[in-house]
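> sequence first, then the predicted structure, then my questions.
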Amino acid sequence: RKGTAVITGASSGLGLATAKALAETGKWHVIMACRNFLKAEKAAKSVGMSKEDYTVMHLDLASLESVKQFVDNFRRTEQPLDVLVCNAAVYQPTAKEPSFTAEGFEISVGTNHLGHFLLSRLLLDDLKKSDYPSKRMIIVGSITGNTNTLAGNVPPKANLGDLRGLASGLNGQNSSMIDGGEFDGAKAYKDSKVCNMLTMQELHRRYHEETGVTFASLYPGCIATTGLFREHIPLFRLLFPPFQKYITKGYVSEEEAGKRLAQVSLQTPF
Ligand code: NDP
């Protein structure tokens, strides 16, 4: 049989490039889990994916109810789940005020971490049942969340503190930041990526032996051209790609990053 891979946020950038790379192997059926159905369908067509290689299913990670509905819908298709790729993210570096998910959590951590946390937890049961020998759950991390890198040392640095903001609901009443501090959109993104990476480490520690699932996070390289930077100031958007290409040399194309993520997600297709 073909393997089944779920990829969140496959309607653009890295997620789309990964979906394409998987579909091109001819050995995978890709479930594109996206918040904008039409955009995802158009995106799949625009990169030449053929109809039988993918299905678009609605998933809005900024709503925990939508996450549950996605899991129900996926189960109704009665397909096995062999690989889960948690790729979607929002980044709001210039936001002056926090915005919130359907359940009222600050949107970067709410979408990137809490939405994926629930999705991972629910779909773990489905991955457990798969007979694929190399079942995996992969999340896209970022070096901006690691203070042992140059990019991770550009302020504001990621810092979860003692989690007091998270404990108090992350809803803006006490604080909308995990560490309880003042709202900062760039930091909220970095914090969410730290949570992503820690979640995979902890899932691996708790569940790898029992389930055979490999949990990992990866940094795909700096794909300076994706929509992730859509909310940044225009000057940043102009200078960031050449800066990454010629100065840090950390730039990778969407296509190359997609191939990397596909390689990490799948080792030995059926
Ligand atoms: P894009 O903005 O192109 O892609 C992000 C995707 O996430 C889009 O498909 C978007 O959907 C989706 N998304 C956003 N919010 C939601 C939501 N509420 N529910 C469902 N889907 C949602 O950025 P990238 O391709 O660059 O980002 C992909 C991943 O790579 C992210 O996890 C990012 O943190 C990570 N990354 C990126 C780097 C880079 O240099 N670009 C570097 C390191 C990590 P829609 O199309 O509807 O907007």
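The structure has been received and is ready for your questions.

> which non-adjacent residue is nearest residue 142?
Excluding its sequence neighbours, the residue lying closest to residue 142 (Cβ to Cβ, 6 or more residues apart in numbering) is residue 193, at 4.3 Å. C-beta coordinates here come from the backbone N, C-alpha and C atoms, glycine included.

> so that neighbour sits in a helix?
Yes. Secondary structure of residue 193 (DSSP: H, G, I helix; E, B strand; the rest coil): part of a helix.

> that one touches residue 147, doesn't it?
No. Taking contacts as Cβ atoms under 8 Å, residue 193 lies outside contact range of residue 147: 12.0 Å.

> any idea how far the residue nearest to residue 142 is from residue 90?
When distances are taken as Cβ to Cβ, to the nearest Å, residue 193 and residue 90 turn out to be 12 Å apart.

> next, show the common contact partners of those two.
residue 112 (Cβ atoms under 8 Å, 6 or more residues apart in numbering).

> check which residues of the helix or strand harbouring residue 210 are buried.
Here residue 210 sits within helix 185-211, counting by DSSP states H and E. Going by neighbour count (16 or more other Cβ atoms under 10 Å), the buried part of helix 185-211 is 185-197, 199-200, 203-204, 207, 211.

> tell me the gap between that helix and the middle of its chain.
Average the C-alpha atoms of helix 185-211, do the same for its chain, and the two points are 11 Å apart (Cα atoms, centre = their mean, to the nearest Å).

> can you check stretch 212-220 too?
12 Å.

> give the contact list for residue 181.
Residue 181 sits next to 161, 165, 175, 187 when contact means Cβ under 8 Å, 6+ apart.

> for residue 128, see how far away it is.
For residue 181, the distance to residue 128 under the criterion Cβ to Cβ works out to 38 Å.

> what number of residues lie near the closest residue to the ligand within the stretch 1-150 of the chain?
Closest approach of the stretch 1-150 of the chain to the ligand (Cβ to the nearest ligand atom) occurs at residue 13, with a separation of 2.2 Å. Other residues near residue 13 come to 23 when the count uses other Cβ atoms under 10 Å.

> how about the residues of the chain by the ligand?
Along the chain, the residues adjacent to the ligand under the rule Cβ under 6 Å from any ligand atom are 8-9, 11-15, 34-36, 39, 59-62, 87-90, 111, 140, 142, 219-220, 222-224, 226-228.
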